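Undergrad: how would this look folded up:
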Amino acid sequence: MSARRGVLLFVLLLSVIGTAVLFAALRLRGPSGGASAGTMIVFDLPADLPESDTPARPLSLGFRRSRYFMHEVVEGLRQAAADDDVRGLVMHVEDLDWGWAKAHEVRDAILQFRSSGKPVYASLESGAELEYLVATAADVIVMPPASVLQLDGLSASAMFLRGTLEKLEVSPNFVQSGPYKSAIEQYTRTGMSPAAREAIDAVLDDEYASLIDSLAAARGFTSEDVKHILDAGPFVAEDAHSVGLIDSLVYDADVDSFALADFPDNVTTSDFADYIHDHARSRSGQKIALITAAGTILPGKSRDVPGEESVMGSETMIDALREARTRGSIKAVVLRIDSPGGSVQASDDIWREVKLLADEKPLIVSMSDVAASGGYYIAAPAHRIVAQPSTLTGSIGVYGGKLNIGGLFNKVGVTIETITRGPHAGMMSPYRDFSPEERQRYQQQVDAWYRMFLARVADGRGMSVAEADSVGQGRVWSGIDAWERGLVDTLGGLEVAIALARDAADLEGTGPIEVLPRVEHHWYEGVFEAMLEREQIASIPEMVSPVVRAWLTAARLQSGIAMALMPFSIEIR
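TA: Predicted structure coming up:
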């Protein structure tokens, strides 16, 4: 027994020594403050930039998916701009899976850093319009000689499954409120409706105009110059240099040294993640709560689902909103929304708690890439709504229905028999179509949900129901169009929203911010559910998986696909 205790003590001693050595090594790797001649911050822009931490994917052992969160990046750049020890910034940019609103917001923060008089260098190893847009916040842009700059304009695509469903003998049964509520079109049509095309064209026009104006201002071109350049793209690195899109050809591994050449020898580099960690704000005192609301809105706890987007669980959001409302130290709240919407019931449950919070404390909404449909629903009670010009928002409308997969089952030899009591007991069955009477009843339900949606918007925005309907009907708007129509109060990013919250609460300076909801990682949570879902999807050919995902979503909602979601999945690239 004593020998075993001695071994344990020896192992413990080694662990303590190892931790101390590791800590010392990390501190010596690069100064984050107090260096003799200062620090050059090195920022490797992450491919993924979530709004906040989310429950770890099953089997991930609780590790974070990203080194950075959105609010950390914006706050870290603001602090670095005011830090006399920081002499400049080097960015390494490659293949960013961000939306346009996030790209503009980070770019604005970099421009604010640059306005402090400190130089910014950008290494663009690869990328297209979005990556180049972020890089143009720098004084100097470089690329490796063998790189390609994929500047050639913007496009938006939508996938339609109707042809596949017919081949599989799957019958879509959907209804909608409003001609622009086109999410169901991926199941019911083989191409865009005129209403859907009109809305997406308008969004694409706004983003294209914003891109042209931003690039022209950053690189000293006229708007016509930029249009001609985009028409002539893409460009190999040497051609990009020739037309003035980049400033020099430098390998990515040499960029840090390239930037340091402009400074004294004793200026050193420091990783941006270390800088953020070392300069984290105190949590004591009167504070602002930043509540992050990201993902598809569904009942239950917030979670990640393998193969799908993150889920914003109504239970998790309600707990966070209630904590912010009842804690005396929290004087104002910023609700940061990055969501395409989701379940009507879950959205309404969250809406109620948002309304209770807004009745007691200043509440400012900050919209990220997407705050549409259910994402707009939960924003409506806020005192002010802030959005980026490139935010996708609105989509005030509802759709619902089901996929009848009975024909697919018959096709593979599976037969279903159902015994019911009551003429409509099998109304939401995934094995038969709606009857004409059932379709009418379901349309009435969806219309009732839409009227409730309009009432929530009208109450929150000080509009009449008719005014809300005129900007509703399922139409998605860019942030700038939403601002012009009264759905948004102010154009800007998270820092603007935080400043408005401080003013509303009469808080001075740059006090503490507490991020909610808190996330506790348990690696074992959801393991069996994840294994089951992976088995379900893996057993079906890849071409069928969108149908399976839709069916699984319907099963999770337990009442058909009753959703307030934005049309399609609009991705502009």
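Undergrad: please count neighbours and contacts with C-alpha atoms only from this point.
TA: OK.
Undergrad: just give me the neighbour total for the residue lying closest to L260 once chain neighbours are set aside.
TA: In space, not counting the residues next to it along the chain, L260 is nearest to V267; the distance is 7.2 Å by CA to CA, 6 or more residues apart in numbering. In terms of burial, V267 registers 20 neighbours under the definition other CA atoms under 10 Å.
Undergrad: pretty sure V267 sits against A261.
TA: No. In this structure, V267 sits apart from A261 without contact. The criterion is CA atoms under 8 Å, and the distance is 9.7 Å.
Undergrad: and the strand or helix carrying L133, what other elements does it pack with?
TA: Applying DSSP states H and E as the criterion places L133 in helix 129-135. Of the remaining helices and strands, those touching helix 129-135 by 3 or more CA pairs under 8 Å, 6 or more residues apart in numbering; DSSP states H and E are strand 86-93, helix 100-114, strand 120-124, helix 194-219.
Undergrad: which residues does the helix or strand just after that helix contact?
TA: Remark: after helix 129-135, the chain's next helix or strand is strand 140-143, criterion DSSP H and E. Residues from elsewhere that reach strand 140-143 (CA atoms under 8 Å, 6 or more residues apart in numbering): 120-126, 135, 237, 246-252.
Undergrad: and the two most separated of these?
TA: Taking CA to CA as the measure, the contacts of strand 140-143 reach their widest spread between V120 and A237, a distance of 20.0 Å.
Undergrad: circling back: any idea of the pLDDT on the residue nearest to L260?
TA: Among the per-residue scores, V267 shows a pLDDT of 88.
Undergrad: surely L211 meets V134?
TA: No. Proximity of L211 to V134 does not meet the contact threshold set by CA under 8 Å, at 10.6 Å.
Undergrad: neighbour count: the two, which is higher?
TA: In terms of neighbours (other CA under 10 Å), V134 is the more surrounded of L211 and V134; the figures are 27 against 23.
Undergrad: find the nearest non-adjacent residue to the more buried one, please.
TA: Distance criterion CA to CA, 6+ apart; nearest residue to V134, sequence neighbours excluded, is R107 at 5.2 Å.
Undergrad: let me see the contact set for the one you found.
TA: For R107, the contact set (CA under 8 Å, 6+ apart) comprises 133-135, 137.
Undergrad: how near is it to I41?
TA: Distance, R107 to I41, using CA to CA, to the nearest Å: 16 Å.
Undergrad: what is the three-state secondary structure of the residue nearest to the spatial centre of the chain?
TA: Nearest to the mean C-alpha position of the chain, counting by CA atoms, centre = their mean, stands D338 at 4.5 Å. Three-state call for D338 (DSSP: H, G, I helix; E, B strand; the rest coil): strand.
Undergrad: look up how far D84 lies from it.
TA: Counting by CA to CA, the separation of D338 from D84 is 34 Å.
Undergrad: circling back: pretty sure the residue nearest to the centre of the chain is in contact with V365, am I right?
TA: No. Counting by CA under 8 Å, no contact exists between D338 and V365, whose distance comes to 10.7 Å.
Undergrad: now, of the contacts of strand 140-143, which are buried?
TA: Of the members of those, the ones counted as buried by neighbours, 16 or more other CA atoms under 10 Å, are 120-126, 135, 237, 246-252.
Undergrad: of the residues you listed, closest to S52?
TA: Out of these, the one with the shortest distance to S52 is A135. That distance is 23.6 Å, counting by CA to CA.
Undergrad: check contacts around the residue nearest to the closest one when sequence neighbours are not counted.
TA: Nearest in space to A135, with sequence neighbours left out and distances taken as CA to CA, 6+ apart, is A122 at 5.7 Å. Taking CA under 8 Å, 6+ apart as the criterion, A122 is in contact with 90-93, 135-136, 138-142.
Undergrad: which of those tops the neighbour count?
TA: That'd be A135 among the contacts of A122, by other CA under 10 Å, with 28 neighbours.
Undergrad: check what pLDDT that one gets.
TA: The predicted structure scores A135 at 97 on the pLDDT scale.
Undergrad: who's in contact with it?
TA: By CA under 8 Å, 6+ apart, the residues touching A135 are 91, 93, 107, 122-124, 141.
Undergrad: tell me how far it lies from L111.
TA: In this structure, A135 and L111 are separated by 10 Å, where distance is defined by CA to CA.
Undergrad: return the item of the buried ones among the contacts of strand 140-143 having minimum pLDDT.
TA: Lowest in pLDDT among the buried ones among the contacts of strand 140-143 is S126, which has 83.
Undergrad: got phi/psi on that one?
TA: According to degrees, to the nearest 10, the main-chain angles of S126 amount to phi -160, psi 170.
Undergrad: look up how far A218 lies from it.
TA: As judged by CA to CA, S126 and A218 stand 19 Å apart.
Undergrad: same check on D247?
TA: Looking at D247 against A218, where the rule is CA to CA, the gap reads 13 Å.
Undergrad: output the below-cut-off pLDDT ranges for the stretch 201-350 of the chain.
TA: 281-285, 305-308 (pLDDT under 70).
Undergrad: where along it do the strands fall?
TA: Taking DSSP state E, counting those that start in this stretch as the criterion, the stretch 201-350 of the chain contains strands spanning 235-236, 248-249, 268-271, 287-294, 296-298, 303-304, 310-313, 330-339, 341-343.
Undergrad: and the fifth one, how far out from the chain's middle?
TA: Looking back up the chat, that one is strand 296-298. For strand 296-298, the distance from its own C-alpha centre to the chain's C-alpha centre is 13 Å (CA atoms, centre = their mean, to the nearest Å).
Undergrad: kindly report the domain assignment for this protein.
TA: Following automatic domain parsing, the chain resolves into domains at 36-152+233-278, 287-572.
Undergrad: could you export the contacts of R107 as CSV, including distance to G474?
TA: Conversion of those to CSV gives the following (distance: CA to CA, whole Å):
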residue, distance to G474
L133, 30
V134, 31
A135, 35
A137, 35
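Undergrad: torsion angles phi and psi at the nearest residue to I405 once chain neighbours are set aside?
TA: Residue nearest to I405 in three dimensions, not counting chain neighbours: V170, with 4.8 Å by CA to CA, 6+ apart. Summarising the backbone geometry of V170 under the convention degrees, to the nearest 10, its torsions are phi -100, psi 130.
Undergrad: give me the neighbour count for S223.
TA: Neighbourhood size, S223 [other CA under 10 Å]: 17.
Undergrad: residues in contact with it?
TA: Going by CA under 8 Å, 6+ apart, S223 touches 212-213, 216.
Undergrad: at 6 Å what do you get?
TA: S223 sits next to 212, 216 when contact means CA atoms under 6 Å, 6 or more residues apart in numbering.
Undergrad: can you check I405 too?
TA: Residues counted as contacts of I405 (CA under 6 Å, 6+ apart) are 170, 430-431.
Undergrad: switch to 8 Å and redo it
TA: 169-171, 430-432.
Undergrad: distance of it relative to L168?
TA: With the distance defined as CA to CA, I405 ends up 8 Å from L168.
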